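>>> Build me a model from this:
(2 chains)
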Amino acid sequence: MGTSILQYQFMQNAILAGLCGGITCSVVGVFVVTMHLSFIGVCIAHAAFAGALLGLWLGFNPLIGALLFSLASAAIIGPMTDRGELNPDTSIGIVFSLMLGLAFLFMGLMPGARSEALSLFWGSILTVTRQDLIFLAVTTAAIVGLAVIFYKEIQAVICHREVALAVGIPATVVFYGLLFSTGVTITASLQSIGGLLIYGLILNPAAAAYQLTYSLKRMLLIAIAFGIISCWAGLAASYLLDTPSGASIVITSSIIFGLATAFSPKRKVKRWRQVRLAG
Amino acid sequence: MDNTVIKIQDAVVSYREDVALQGVSLEVRKGEFIGIIGPNGAGKTTLLTVLNGLGKLIHGQAWVLGSQLNGRNSINLRKCIGYVAQVQNVDPRLPINVRETVMVGCYGRLGLFRWPTRAQWEAVDNVLEMVGMAHLSRRPIGHLSGGEYQKAAIARALVQQPEIFLLDEPTASIDPKAQREIMSLIQLIHKEYHMTTLLVTHDLKQLPPMCHRLILMKEGKIWKQGSPESMLRADVLSQLYEAPLAATNEIAPLCS
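Numbers count the residues shown, from 1 in each chain, chains lettered A, B, ... in the order given. Sure thing, here's the model as predicted:
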């Protein structure tokens, strides 16, 4: 890629959006992966998408709609899974299908061309505006700041939520804070990565880092590096191959996950254990 | 001088249509070691969760360390209560090691916006040494056996410097050797720190000799209580577990 392209404002915005999106999605992803909340995250991502489409339909800022819907879905899912009245998978599946239904309903009711709505499906990091970038940067600073300030509380909840509660940590507040952080992160990255693809960028770098270390701090750093590499390499691939940017970023992150799994030291330990048990 | 540290009056706890505790009243003095036994579903675990504020009373009152339990003060009281649950399933890939898991015990007392000091890390190392887990301190928590995991859980409760120690079937699902080690450890801790201890167990053969009182629970109520010698009789256990006399005869003499 020639360096001349970097002179353009849209490319500079895209690189910065990739940096911020890569960091935020990866930090949130580490918590989602270690706490086994993957399906909850998918559900929140679809809620954000439905909220953004409502904004487009009714004529208000789609990001506000995305934020409200993602926070509302987190507020509904949390208590539903906590109370245990339904199996967590069932309750999340119900909210997930509702959000997907609402997304298609809003899209169907939208008059005229739906190109803007479709761009929220796929995302377009190359059309990120200065306003989107500022929202993304503020979200990144807030998520990273909160993760540093409340690291020990988050670590305790990851370790075991009941135990964290039992030692006097406000584990429920931390848990809901993580769900809301997921919602805010998805909202901030919706424009650049897209509603259908954002979850890949949350899950893949963190899941790849999960294969490589037994240290939470190292996992966070590795996931952040993978997230940024996914965004920048995906962006370069999109530019060079003329492919959709969101899809390129998510496919790059999937390739990184595949490589991390193939070379995972944890896999070797598992294999060795299987051999030992078989013996 | 009144040295009551736990007082429960007419406690009722319900999980939807199931009543887990039905009008339970109990007083525990400072330094007492109490064993709690009974069939599954008798309300033993629920009783412990009421004491650490995780279980909600729908009727009755509970005082712990002089404070009446309510939604507002339960977080602060939990910092003074060490709680060891049954062996948990932990993801073997979890990126948290034994030393870090034990340090979690300090986090409640430490509070928000404060980080563990070197002295606290040293305290964690000392406790790990005491429970015989120093050599495993850097091992991922998900790689421990059931017995090792329970020792780490006891270490975590100890670094909390609790005034009350609640143990919920700490020897369930672990092998006999590890069961003996865990029970010896619990005895050692009680001898050393004189903490008020409530131990829920099904393992009557392993009840520590320093057990002052045995509470027998059945159908959400305290069915009987008294000295281990008076409670661990074949006829009493036969009624408690609704089992033939011959089945309980085997364990009763060993416990007296």
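>>> List the contacts of residue 155.
Picking chain A for this. By Cβ atoms under 8 Å, 6 or more residues apart in numbering or on different chains, residue A:155 lies in contact with A:216, B:96, B:100, B:104. (C-beta placed from N, C-alpha, C; glycine too.)
>>> actually chain B
B:102, B:105, B:124, B:127, B:128, B:130, B:131, B:133.
>>> One more: residue B:175?
B:146, B:147.
>>> so residue A:66 makes contact with residue A:48?
Yes: using Cβ atoms under 8 Å, residue A:66 is in contact with residue A:48, at 4.1 Å.
>>> Run through the helices of the stretch 1-150 of chain B in chain order.
Counting by DSSP state H, counting those that start in this stretch, the segments of the stretch 1-150 of chain B that form helices are B:44-51, B:74-78, B:98-110, B:118-130, B:146-159.
>>> least reliable of the ones you listed going by mean pLDDT?
Ranked by mean pLDDT, these end with helix B:74-78 in last place, scoring a mean of 89.
>>> which of the contacts of residue B:155 are buried?
B:102, B:105, B:124, B:127, B:128, B:130, B:131, B:133 (16 or more other Cβ atoms under 10 Å in any protein chain shown).
>>> which ones among those residues come in contact with chain A?
Restricting the buried ones among the contacts of residue B:155 to those adjacent to chain A (criterion: Cβ under 8 Å from any Cβ of the partner chain) gives residue B:105.
>>> Among the buried ones among the contacts of residue B:155, which one sits closest to chain A?
Taking Cβ to the nearest Cβ as the measure, residue B:105 is the one of the buried ones among the contacts of residue B:155 closest to chain A, at 5.6 Å.
>>> Spatially central, which residue of the chain would that be?
Assuming you mean chain A. residue A:202 (3.1 Å; Cα atoms, centre = their mean).
>>> that's the other chain; I wanted chain B
Central residue of chain B (Cα atoms, centre = their mean): residue B:167, at 1.3 Å.
>>> hang on, it in a strand?
Yes: the assignment for residue B:167 (DSSP: H, G, I helix; E, B strand; the rest coil) places it in a strand.
>>> Please report the distance of it from chain A.
According to Cβ to the nearest Cβ, to the nearest Å, residue B:167 and chain A sit 12 Å apart.
>>> Could you list everything that residue pairs with in the sheet?
residue B:84, residue B:199 (DSSP bridges).
>>> Was I right to think it contacts residue B:195?
No: using Cβ under 8 Å, residue B:167 makes no contact with residue B:195, being 10.7 Å away.
>>> which parts of stretch A:125-142 are buried?
Across stretch A:125-142, burial judged by 16+ other Cβ under 10 Å covers A:125, A:126, A:128, A:132, A:133, A:135, A:136, A:137, A:139, A:140.
>>> How about stretch A:250-269?
Within stretch A:250-269, the residues scored as buried using 16+ other Cβ under 10 Å are A:250, A:251, A:252, A:253, A:254, A:256, A:257, A:260, A:264, A:266.
>>> what's the closest of those residues to residue B:47?
Nearest to residue B:47 among these: residue A:266, at 40.0 Å, using Cβ to Cβ.
>>> contacting residues for the closest one?
Taking Cβ under 8 Å, 6+ apart, we find residue A:266 in contact with A:211, A:212, A:214, B:93.
>>> phi, psi of residue A:37?
Main-chain torsions, residue A:37, degrees, to the nearest 10: phi -110, psi 20.
>>> before we move on, back to that, compare residue A:66 and residue A:48 (neighbour count), which wins?
Neighbours per residue (other Cβ atoms under 10 Å in any protein chain shown) separate residue A:66 from residue A:48, with residue A:48 holding more: 34 against 29.
>>> Look at the more buried one and tell me its secondary structure.
helix.
>>> Can you give me the distance of whatever residue of the stretch 101-250 of chain A ends up closest to chain B to residue B:106?
Per Cβ to the nearest Cβ, residue A:168 is where the stretch 101-250 of chain A lies closest to chain B, at 2.8 Å. Distance, residue A:168 to residue B:106, using Cβ to Cβ, to the nearest Å: 10 Å.
>>> ok, now residue A:189?
Taken as Cβ to Cβ, the span from residue A:189 to residue B:106 is 36 Å.
>>> what's the distance between stretch A:24-37 and the middle of its chain?
8 Å (Cα atoms, centre = their mean, to the nearest Å).
>>> actually stretch A:225-237, not the one I typed
Taking Cα atoms, centre = their mean, one finds the center of stretch A:225-237 at 15 Å from the center of the full chain.
>>> and for it, what are the contacting residues?
Contacts of stretch A:225-237 (Cβ under 8 Å, 6+ apart): A:1, A:14-15, A:17-19, A:21-23, A:25-26, A:29, A:125-126, A:201, A:204-205, A:208-209, A:243, A:245, A:248-253, A:256, A:260.
>>> quick one: common contacting residues for residue A:168 and residue B:106?
With Cβ under 8 Å, 6+ apart, residue A:168 and residue B:106 have no common neighbours.
>>> count of neighbours near residue B:79?
22.
>>> What does it show for phi and psi?
phi -70, psi -20.
>>> What are the phi and psi values at the spatially closest residue to it that is not a sequence neighbour?
Nearest residue to residue B:79, sequence neighbours excluded (Cβ to Cβ, 6 or more residues apart in numbering or on different chains): residue A:168, at 3.7 Å. Torsion angles at residue A:168 (phi, psi; degrees, to the nearest 10) stand at phi 100, psi 20.
>>> contacting residues around residue A:168?
B:75, B:76, B:77, B:78, B:79, B:107, B:108, B:109.
>>> The first one: what's it in contact with?
For residue B:75, the contacting residues are A:168, A:170, B:53, B:108, taking Cβ under 8 Å, 6+ apart as the criterion.
>>> Which residue is the nearest non-sequential neighbour of the last one?
By the measure of Cβ to Cβ, 6+ apart, the closest residue to residue B:108 outside its immediate chain neighbours is residue A:168, 2.8 Å from it.
>>> Equivalent analysis for the third one, please.
Here the nearest residue to residue B:53 in space, its sequence neighbours aside, is residue B:74; by Cβ to Cβ, 6+ apart that works out to 2.8 Å.
>>> from what I can see that neighbour touches residue B:55, true?
No: Residue B:74 is not in contact with residue B:55 according to Cβ under 8 Å; the separation is 9.9 Å.
>>> re the thing from before, could you check how far the residue of the stretch 101-250 of chain A closest to chain B is from residue A:153?
Remark: distance between residue A:168 and residue A:153 (Cβ to Cβ) = 11 Å.
>>> Please consider this matter closed, and thank you.
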